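[1] the following block contains a protein sequence and its predicted model.
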Amino acid sequence: MKRILLMVLRNLLLVPWMWCRLCYHAAHPDKYSLEEHFKMLRFIVQRANKGGNVIVESYGAENLPEQDGFVMYPNHQGLYDVLAIAGACSRTFTVVAKKEVEHIPFLKQVFACIHALFMDRENLRQSMQVINEAADAVKEGKNVILFPEGTRSRKGNQLLEFKSGSFKIAVKAKCPIVPVALKNCFVPFDSNTVRPVTVEVHFLDPIPYEEYQGMKTTEIAEMVKKRIEAVVTE
């Protein structure tokens with residue numbers, strides 16, 4: 001990951017402070033509010049982006065529901081996705097992630113700060129428990145991100161099929177769904193280049209519960225995928 005090395009080298013004087021600060025927040029997740037965690041994280045992301053030749057362009061942030069308690073469903077392009085959304089969105093959120101990424105350095109600390117939930121896709125009972133926990137969090141007024149593809153597409157700006165089970169969280173919480181279209185987010189961390197790159201984060205029009213109420217989760221998944229695909233592949 002040449003770009004990560006570039007990010008570190010260009011912020012060499014700040015890296016020890018930022019790393020210690022991040023680790024302290026991660027070790028004491030309940031000592032700070034989500035807003036305080038995100039203030040710290042966004043500072044790190046901004047410095048890393050500047051050092052790593054990454055520009056994050058945000059579109060449609062005004063489309064986000066005024067009231068917290070919604071689920072964002074982005075397409076999944078790479079390890080940079082969550083950081084791109086954090087840099088583009090002024091709202092706090094937590095993430096439902098696969099357990100395989102739970103111990104990746106840096107992401108591990110970021111996930112601890114945002115109270116991420118980890119899903120074991122091989123364990124149906126544990127997966128349902130996480131879905132219920134995420135739905136309860138949304139009902140309590142938290143915003144949740146879940147990648148419905150389940151894994152990185154590894155096909156650039158092409159989408160994989162959306163897993164219908166991902167949408168059980170929204171159905172259980174009876175909350176707005178916010179489709180999020182990510183473009184070129186695979187480049188920063190998943191390609192062997194340090195050339196300048198612009199990634200795009202598009203927050204699409206939210207889908208209120210009344211619009212998808214009564215639909216099958218397979219139908220919801222297809223509807224959300226089509227809306228995201230129309231932006232990513234244009």
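    In hand now; what should we look at? Numbers count the residues shown, from 1 in each chain.

[2] residue contacts, Pro29?
    Pro29 makes contacts with 37, 112-113, 115, as judged by C-beta atoms under 8 Å, 6 or more residues apart in numbering. Backbone N, C-alpha and C define where each C-beta goes, glycine included.

[3] and stretch 94-110, how far apart are its ends?
    10 Å (C-alpha to C-alpha, to the nearest Å).

[4] residues in contact with it: which ones?
    22-23, 25-26, 34, 41, 79, 82-83, 111, 114-121, 130, 134, 137, 142-147, 150-151, 169.

[5] of the residues you listed, buried ones?
    22, 25-26, 34, 41, 79, 82-83, 111, 114-119, 130, 134, 137, 142-147, 150, 169 (16 or more other C-beta atoms under 10 Å).

[6] please flag which of the contacts of Pro29 sit within strands.
    Among the contacts of Pro29, none falls in strands (DSSP state E).

[7] between the residues you listed, which is closest to Thr218?
    The nearest member of the contacts of Pro29 to Thr218, counting by C-beta to C-beta, is His115 at 29.4 Å.

[8] that older thread, among the contacts of Pro29, which are in helices?
    37, 112-113 (DSSP state H).

[9] wait, Met223 touches Asp205, no?
    No: taking contacts as C-beta atoms under 8 Å, Met223 lies outside contact range of Asp205: 11.9 Å.

[10] residue ranges for the strands of the protein, please.
    54-59, 71-74, 94-98, 117-119, 144-146, 177-183, 197-203.

[11] can you redo the ones you listed as JSON lines with mean pLDDT?
    Shown next, in JSON lines, are the strands of the chain (pLDDT from 0 to 100):
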{"stretch": "strand 54-59", "mean pLDDT": "96"}
{"stretch": "strand 71-74", "mean pLDDT": "98"}
{"stretch": "strand 94-98", "mean pLDDT": "93"}
{"stretch": "strand 117-119", "mean pLDDT": "95"}
{"stretch": "strand 144-146", "mean pLDDT": "97"}
{"stretch": "strand 177-183", "mean pLDDT": "98"}
{"stretch": "strand 197-203", "mean pLDDT": "97"}
